[in-house]
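# No letters, just coordinates:
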DNA sequence: CGAAGTTGGTTGAAGTCTCAACCGTCGTCC
DNA sequence: GGACGACGGTTGAGACTTCAACCAACTTCG
């Protein structure tokens, strides 16, 4: 009921739980990555997007949009990953401003190597902790949040 | 049902929504802070913890634990906030290793100034987007996640 | 055509975070 | 009492992010 002012005690409590839960969850996930393959959580997510795109290729701007990253942050991140041989950049045909980012074979191998530990961590810290209904509700809820937040982007 | 291997399509979908939702949500929240008072989201949360503690004072280690921050990150953050006059550090009586962090009057004023926009953003991008049941479930779910992730801390 | 505005992406400096090493206390156990 | 290990916190260098300025290529429109 889109009230104003502060939150009720119950809302307050849910909100705090959300804050703490997400903080500790990403923390746990990041630790899981450090303990394994050399691919940070952010890099992993980037690779996943690429892996699902045709030709394992995406324009920088699309990548930035999908991952909700600033263009500049993406530029720097891809710089580092390119130096490590995980991706390559190529000019886009037809629009000389555009740049495509393509996953290399080495990148693919690393992604494959990193996946099991990643999935295991997601299960362990999120999926398996919740009932199927809770997890489904969580997904639906955050999907709505995503739409709203994205729409409000200046 | 603590399965192994990859996620089902439905789980996969929930997971992606969660990822995108949280990313865009914190992004929106941070933008809301930038557009207002000079207090980042992280600093705001730190101030909230202090504001609720007796004497508006907490030990560095407690603060770090509550906020799920590394000790070193907290040290740096408090350094900067102390320079701005928002908090002060004082030795703790009885344990010469300990350091207390106390919110100053100026810090309190800034927190009060920042609160309305913060709450409004939380409402706008999270609370009001969900049904009360969804929000409650979200809270319960993330509370469980928080407990699990915290427990797994090496 | 060509000026003005928009889009796609990069740059570099300043700000923030991480990681490992470190210092001074505290607690324990002999 | 005095090792020895754990605890609480800081340090500094390197890695990562942000922010604003920038460039080049498109687009729109007179």
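Now that the structure is in, tell me what you want to look at. What you are looking at is a predicted structure, and each value in this text was computed from that prediction instead of being measured. Residues are numbered from 1 along each chain as shown, chains lettered A, B, ... in the order given.
# Not counting sequence-adjacent ones, nearest residue to residue A:118?
By the measure of Cβ to Cβ, 6 or more residues apart in numbering or on different chains, the closest residue to residue A:118 outside its immediate chain neighbours is residue A:44, 6.1 Å from it. Just so you know, the C-beta spots here come from the backbone N, C-alpha and C atoms, and that holds for glycine as well.
# what about that neighbour, how many residues close to it?
Residue A:44 is surrounded by 18 other residues when neighbours are defined as other Cβ atoms under 10 Å in any protein chain shown.
# now swap in residue A:80 and tell me
11.
# what does the model give it for pLDDT?
What the model reports for residue A:80 is a pLDDT of 98.
# what about it, which helix or strand?
Using DSSP states H and E, residue A:80 sits within helix A:71-83.
# List the buried residues for that helix?
Of the residues in helix A:71-83, those with enough neighbours to count as buried (16 or more other Cβ atoms under 10 Å in any protein chain shown) are A:74, A:77, A:78, A:81.
# now swap in stretch A:104-123 and tell me
In terms of neighbour count (16+ other Cβ under 10 Å), stretch A:104-123 has its buried residues at A:104, A:107, A:110, A:111, A:114, A:115, A:117, A:118, A:119, A:121, A:122, A:123.
# what comes into contact with that stretch?
The contact list for stretch A:104-123 (Cβ atoms under 8 Å, 6 or more residues apart in numbering or on different chains) reads A:28-29, A:32-33, A:35-39, A:44, A:47-48, A:50-51, A:56, A:81, A:85-88, A:103, B:2-3, B:5-7, B:15.
# Report whether stretch A:38-56 contacts DNA strand D.
Yes: under the criterion of Cβ under 7 Å from any atom of the strand, DNA strand D is reached by stretch A:38-56 at A:40, A:42.
# low-confidence ranges in chain A?
Judged against pLDDT under 70, the low-scoring parts of chain A cover residues A:1-4, A:154.
# if we can go back for a sec, what residues does the residue nearest to residue A:118 make contact with?
Residues touching residue A:44, when contacts are defined by Cβ under 8 Å, 6+ apart, comprise A:33, A:111, A:114, A:118.
# I'd like to know which of these is nearest to DNA strand D.
For these, the residue nearest DNA strand D by Cβ to the nearest atom of the strand is residue A:33; the value is 11.4 Å.
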